[in-house]
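# What follows is a predicted protein model with its sequence.
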Amino acid sequence: MTDCKQGSVAVFPGSFDPVTVGHIDLIERSAAVFNKVIVAVASNQEKTPLFTVPERIKMIEDIFTDSPNVKVETFSGLLIDYMANSDVKVVIRGLRAVSDFEYEFQMALMNRKLAPGIETFFMTSSALYTYVSSRIVKELASLGGEVSDLVHPLVEEKIKAKYS
């Protein structure tokens with residue numbers, strides 16, 4: 001059996017608006033499996049994000065400043081086009097619940113149909129973070145709720161600044 005990390009690169013795409021402890025956990029665990037993990041921050045013109053793409057990139061870079069095999073980039077359009085341009089063949093997707101699997105399974109099959117060389121690596125969320133999502137963090141913070149156990153302290157500070 002060959003070493004999984006030997007020359008391996010994977011992309012972990014998402015909006016990360018904001019990056020949560022669940023995202024951080026998956027990035028850390030992915031970085032232990034792959035030589036390089038590219039956190040690909042999606043730029044979606046149809047959504048109104050809390051943080052700009054540069055703000056999201058900076059937060060993730062600051063959190064992973066001591067992780068040389070974690071890189072942060074941005075992309076727009078189809079993930080498979082970004083992956084082809086970056087010469088990456090593996091996409092990482094996190095699963096919190098069965099409902100995530102149904103959607104992610106369909107996306108994996110579509111990605112494989114459009115780009116047959118793409119493989120999807122599903123990682124289950126740590127039990128501690130199954131309920132955490134960026135949407136819940138933003139909603140809770142907007143109503144004055146406590147989010148310190150849902151996000152990195154750096155992110156918490158940025159959220160408080162947005163809602164003050």
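Arrived safely, thanks for sending.
# distance of Gly145 from Leu79?
Going from Gly145 to Leu79 by Cβ to Cβ, to the nearest Å gives 32 Å. C-betas here are computed from N, CA, C, even on glycine.
# which one of the two has more residues nearby?
A side-by-side neighbour count of Gly145 and Leu79, using other Cβ atoms under 10 Å, places Leu79 first with 19 against 11.
# in the sheet, who's paired with the closest residue to the more buried one other than its chain neighbours?
Nearest residue to Leu79 in three dimensions, chain neighbours excluded: Pro13, at 5.4 Å (Cβ to Cβ, 6 or more residues apart in numbering). Beta-bridge partners of Pro13, counted by DSSP bridges, are Ala40.
# Might one say that Pro13 is in contact with Asn44?
No. If you go by Cβ atoms under 8 Å, Pro13 and Asn44 don't touch, sitting 11.0 Å apart.
# one step back: wait, what's in contact with the residue nearest to Leu79?
The contact partners of Pro13, by Cβ atoms under 8 Å, 6 or more residues apart in numbering, come to 40, 42, 75, 79, 82, 91.
# Report the contact partners of the fifth one.
For Tyr82, the contacting residues are 11, 13, 40, 75, by Cβ under 8 Å, 6+ apart.
# Relative to Lys158, how far out is Leu26?
Noted for Leu26: a distance of 20 Å to Lys158, by Cβ to Cβ.
# quick one, which of these two is more surrounded?
Neighbour tally, Leu26 and Lys158, criterion other Cβ under 10 Å: the higher count belongs to Leu26, 24 against 20.
# Contacts only, for the more buried one.
So Leu26 contacts 12, 92, 94, 123, 125 (Cβ under 8 Å, 6+ apart).
# Tabulate these (TSV), appending secondary structure and neighbour count.
Output for the contacts of Leu26, formatted as TSV (DSSP: H, G, I helix; E, B strand; the rest coil; neighbours: other Cβ atoms under 10 Å):
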residue	secondary structure	neighbour count
Phe12	strand	25
Ile92	strand	23
Gly94	strand	21
Met123	strand	15
Ser125	coil	19
